[in-house]
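Engineer: After the sequence you'll find the predicted model.
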Amino acid sequence: MKFSILASGSKGNASLIYTDNTLIQIDMGVTLKMVDAELKRLGKHRSDIQGVFITHEHSDHISGLPLYHGKIPVYTSEGTLPKAMHLIHPFVPLAIGDFNIVPFSVSHDAANPVGYLIEDEHCRLAWVTDTGCLSEEVIELLKDCDYYYFESNHDLKMLQRSHRPASLKARVRSDHGHLNNIDSAIYMADLIGPHTKQIVLAHLSEECNTPDLALSSYEETLARHEVDIANIEIIPAARWALTLGGEK
């Protein structure tokens, strides 16, 4: 399993996850030009995408969906889109090609937000973005994955010093907002296992975070929790440049 992150952040999100035989997309908040460029690099075409899996209905995750003109199956949780082609339900797995896909509930100010556990015969990928906390059920589901795409949205000090309205700061900090760097790393300390190879830090705030700060916060927090990351690659996802993950 490999994955290509086309964009990650509050202005756009979209990723391709694939094996030799299977290709799916998570979210479509980017232009067709960006998707087509990566498909071309992979030697694939739009028609090879077997499904677009939506995490929630905020515009940075769905703005580009109409560009597919209904030609690609769209999978969403109930209440996420007015006309869902394929409804998914938390903790009810479905199979597409090489993948077994398990949606799970996350905590965000959206109708019915979800993350995804994506498995093939070789490895497991946890897709966790736009959430302010995780339930014990989700933590148990996601332990010891090979790969994590994991929300690390903001630095608390940068958020507090920002010029954002107090109401927005409170929303971001809340259980229905976004995970900050330290809380994200604390969750990860509980999730990392002997199979874990790579963690991609997702949805970094442009105003209230930096890749270097997210990475250093992660490393320091995991060290305090005595988690050995010597053999784990930690990568902050670029906001608008391609970030590659998965099997080498």
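Structural biologist: Done, it's in.
Engineer: From now on I want contacts and neighbour counts done on CA atoms only, so please keep to that.
Structural biologist: OK.
Engineer: Give me the pLDDT value at K83.
Structural biologist: Reported pLDDT at K83 in the predicted model: 78.
Engineer: my guess is it is in a helix, correct?
Structural biologist: No - read with DSSP: H, G, I helix; E, B strand; the rest coil, K83 is coil and lies in no helix.
Engineer: For it, grab the count of nearby residues.
Structural biologist: 11 (other C-alpha atoms under 10 Å).
Engineer: Point out where the chain drops to low pLDDT.
Structural biologist: The model of the chain has pLDDT under 70 over residues 84.
Engineer: wait, what's in contact with W127?
Structural biologist: Shown in contact with W127 (C-alpha atoms under 8 Å, 6 or more residues apart in numbering): G115, Y116, L117, I118, Y148, Y149, F150.
Engineer: Those residues in strands, which ones?
Structural biologist: Using DSSP state E, the members of the contacts of W127 that fall in strands are G115, Y116, L117, I118, Y148, Y149, F150.
Engineer: Who does the fifth one form a beta bridge with?
Structural biologist: With beta bridges defined as DSSP bridges, Y148 has these partners: A126, I199.
Engineer: Now do the host helix or strand of P103: which elements does it pack against?
Structural biologist: P103 is located in strand 99-105, with elements delineated by DSSP states H and E. Judged by 3 or more C-alpha pairs under 8 Å, 6 or more residues apart in numbering; DSSP states H and E, strand 99-105 is in contact with strand 94-96, strand 114-119.
Engineer: So what touches that strand?
Structural biologist: By C-alpha under 8 Å, 6+ apart, the list of residues contacting strand 99-105 from outside reads 22, 88-95, 112-120, 138.
Engineer: Not counting its neighbours along the chain, what's nearest S63?
Structural biologist: Ranked by C-alpha to C-alpha, 6 or more residues apart in numbering and with sequence neighbours excluded, the top spatial neighbour of S63 is G29, at 4.8 Å.
Engineer: That neighbour contacts A14, doesn't it?
Structural biologist: Yes - counting by C-alpha atoms under 8 Å, G29 does reach A14; the two are 5.8 Å apart.
Engineer: Mind telling me what element the residue nearest to I54 when sequence neighbours are not counted is part of?
Structural biologist: For I54, ignoring the flanking residues on the chain, the nearest one in space by C-alpha to C-alpha, 6+ apart is D27 at 4.7 Å. Element membership for D27, per DSSP H and E: strand 23-28.
Engineer: Beyond that strand, next helix or strand please.
Structural biologist: Where DSSP H and E defines the elements, the next helix or strand beyond strand 23-28 is helix 32-41.
Engineer: Could you look up the next helix or strand downstream of that following helix?
Structural biologist: Using DSSP H and E, the helix or strand that follows helix 32-41 in sequence is strand 52-53.
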